[in-house]
Each structure stands twice: as C-alpha cells, then as structure tokens.
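> Output the structure for:
(one chain, ligands or ions: 1)
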Amino acid sequence: MSSPINFQIVESESSFLDPRSDYTQTTIRFQVRTDPLTKRTGHFSHFVGLTPQKLDLEAYTKPELKGFCPFCPENRGKATPQFLKEIVPEGRTSRNEAMLVPNLFPYEVHSSIVIMTSDHVVPLNGFDETRLFDTLLLGTEFLKRTRKVSPSLPYHLVTWNYMPPSGGGLVHPHQQYFATEHPGNLVMDELRASQEFYEKHGRTFWLELINEEMKRGERYIGETTQAHWFTSFVCFSRLGDILCVFPDVFSIDDFNESHIPSIISGLLKVFRYYQSTGIYSFNASLIFGPVGQQSFPCHFRIVPRSFLNMRDYASDMAFFQIILAEPVCMKLPEQICREVREYF
Ligand SMILES: [Zn+2]
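As a prediction, this is how the structure comes out:
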C-alpha cells in the first residue's frame, strides 16, 4: 500500500553575474519543501552554511556578566516563588540538584520551572543521566498534578531554551513546564492536521511517518526503546531539527517514568553530535496532546541556535522567520541525519 504521506520538494535556482569570478554567470540552487502534515513551507538555501559560534562559557561565571541569579542554590530559597498549597503542598519540590518552582513571570495558569542543576553554567557534556532524569521527573510529575487540579486544560508542554542564542534569559539551566488551553499556533496546526489525517485515512499520521522514514532511511536516525528519532523534513532552524516521536504516548496520562530514559538516551547522543559540530545552544520542546485522542502522539523536537557572528551578536532569526513565519535552513536534513547517525 502506498503511503499517503507526500514529501514535496520544489527545486529552483537563481542566476547572477558573480563579482567573485570576474562577473561570469553563477547559478545558485535552493529548495522549498512542504511539510507533509501542516503543508507549511520551509526554504533550504545558502548551503555554504552557517558556522555555529563558540560561546565563552567561562565568561558567564564572571560577576560582571553573571549578575544576580535566582536559580543558584544560595538564592533559591528567597528569590523563587512557592506554589499554592492546593497545587504543590510542599511549596517547592526537589530531587538531588533539581528544583521545581513556579514561574515568577507566568504565561499560563500553571506555569512552572525546573532549575536543573546547582551549577550556574553547565556545558553540554555536563548533562548526565541523573541531572536530566531528575529534571524530567520533577517536571512531568508537576504536569500530572495539574491534570488533577485543572483537568480541563488539554495541552501539556515542556520547553527548554539553552544558552543566550536560544533566547534564554538566564544561562543557569532550567526548563519550563506548563498546562494550557493555548499551546501555540504550530501545535494547533499540527493537531488539526493530525485529526484530519486520522479521519481521512483511518491511521495516525505520525505512525505512518515513522514507517515511511524507516523505509526511506534518508532521515531516520534510530530508535531508543520506546521512541523513534529522525531529522525533520522541514526544519525550523538554520542548522536543522531533530524529532523524536513516542508512538504509544498521546497525553501526559500515558507518559510515565519508564519513558524518561528513552528521551535521555537519545538526547545525550544528540548532545555529542552538537559538541562535535560546535553547537552551543538550542530550543527544545516535548508536546503532549489532549487525553482521549489517538491521532497526535507525544513528540520531542530539538532545534540548534547560534548567533550569526560574535562581532555584533546578529540573531539567527530574521524577517523570514519573524515576519513571514517561514523557516530557513542552510543544511539538508538528509545530510544532518548521516552526521547524527554516527552517534546513535
Ligand atoms: Zn545561577
């Protein structure tokens, strides 16, 4: 049976008289891909690439740059808020170095932060199984609590901005956990398209996608116990995105402690790849859909970020992404897959 998933690529080119070669004609190729689920497009161009910029992590510990950090252990007790008793009776919860606190600047009814480490600055190779497990366990236990307190909130999100190029306001490692009715435009687009696919084909898009990616092998990276990892056909970042799907988890109710090592195992491999390519920053998310549906499984996405240069800290997001809502990627997902697979 042929797959209803269509990976559409429009190849095109642009020509000009090139000052670098005595004004002879040069032709540059680019692609526009259409996401097989949402039908949103993404550009792939500028294949000469983007060199991820090295961050001076040591400098972030210097007092003049560090400033006051509410997440450092000596400040947590006084500078972080406590939960209402009906949500977290203990006020805050902790596990080894990790601590769950409310977000002092909430953007949802239940908006929390897990401070991941005691150390203020943690390089990628400083995230071990224990630190990641403690963080994800504290955070997802919080999301499960919100299900009891506010069962009508359908979406549960985990997000992580790591290091300043990602937009993270504090370098001290922390993740956000929140329950919401409004998970964002992209999640809503994906959810609606997943439901439509399910109604039309009687199958789950994401399971079809896993099967199709495994069969094609161009973007399929590997498996970690209960999850499948592959590069995204359309990428949000200039350096390409990696996706991980849990085909048997649809809502936070289906997620349990046994799923956490599966994320960690893949993530540590991705981190080793990032270190090998000089990536110092990323955004990541773990998305849970509503209870009771079978069309939109839980998935994790990690997106590298970098300043374009360190001379004037140019952002890697510009008019394309912000005004046109169109991602631009400088590396093909198939190439990224070949590189990441070395670490799986
Ligand atoms: Zn700190």
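> tally of neighbours for the residue in the stretch 201-344 of the chain positioned nearest to the ion?
At 16.9 Å from the ion, residue 281 is the closest residue in the stretch 201-344 of the chain, using CB to the ion. Yep, even glycine has a C-beta here, placed from its N, CA and C like the rest. Applying other CB atoms under 10 Å, we find 24 residues neighbouring residue 281.
> how about it, phi and psi?
Backbone torsions for residue 281, taken as degrees, to the nearest 10, come to phi -150, psi 150.
> How much space separates it from residue 164?
7 Å (CB to CB, to the nearest Å).
> Could you pull out the residues contacting both of those two?
Common neighbours of residue 281 and residue 164, using CB atoms under 8 Å, 6 or more residues apart in numbering, are residue 55.
> name the element residue 136 belongs to?
With secondary structure defined by DSSP states H and E, residue 136 is part of helix 129-149.
> Packing partners of that helix?
Applying 3 or more CB pairs under 8 Å, 6 or more residues apart in numbering; DSSP states H and E, we find helix 129-149 packed against strand 93-95, strand 98-102, strand 110-115, strand 155-162, strand 174-180, helix 260-277.
> for the shortest one, the distance to its chain's centre please.
So that's strand 93-95. Distance, stretch centre to chain centre, for strand 93-95: 24 Å (CA atoms, centre = their mean, to the nearest Å).
> what are the pairing partners of it, and which direction each?
With DSSP bridges as the test, strand 93-95 is paired with strand 98-102 (antiparallel).
> what residues does the strand it pairs with touch?
Contact with strand 98-102 is made by 76, 80-83, 88, 92-94, 111-117, 131, 134-135, 138-139, 141-142, 177, as judged by CB under 8 Å, 6+ apart.
> which stretches of the stretch 101-250 of the chain have low pLDDT?
By pLDDT under 70, the stretch 101-250 of the chain contains no weakly predicted segment.
> what residues does it put near the ion?
The stretch 101-250 of the chain comes close to the ion at residues 120, 172, as judged by CB under 5 Å from the ion.
> picking up where we left off before, what's the angle between the helix holding residue 136 and strand 155-162?
Angle, helix 129-149 to strand 155-162, by axes from the mean of the first three to the mean of the last three CA atoms, to 10 degrees: 150 degrees.
> And the residue nearest the centre of the chain, what's its pLDDT?
Geometric centre of the chain, nearest residue: residue 284, 2.2 Å, by CA atoms, centre = their mean. Looking at residue 284, its pLDDT reads 98.
> can you confirm it is in a helix?
No: under DSSP: H, G, I helix; E, B strand; the rest coil, residue 284 sits outside any helix and is assigned strand.
> Please enumerate residues in contact with whichever strand or helix holds residue 193?
Assigned by DSSP H and E, residue 193 falls within helix 185-201. Applying CB under 8 Å, 6+ apart, the set of residues contacting helix 185-201 from outside is 4, 37-40, 155, 157, 203-206, 208, 287, 289, 293-296.
> Just the buried ones from those residues, in PyMOL syntax?
Buried residues within the contacts of helix 185-201, by 16 or more other CB atoms under 10 Å, are selected in PyMOL with:
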select buried, resi 37+38+40+155+157+204+205+206+208+287+289+293+295+296
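> Take the contacts of helix 185-201 and keep only those in helices.
Those of the contacts of helix 185-201 mapping onto helices are 205, 206, 208, per DSSP state H.
> Let me know the closest of those to residue 222.
Residue 222 has its nearest neighbour among the ones in helices among the contacts of helix 185-201 in residue 206, at 16.8 Å by CB to CB.
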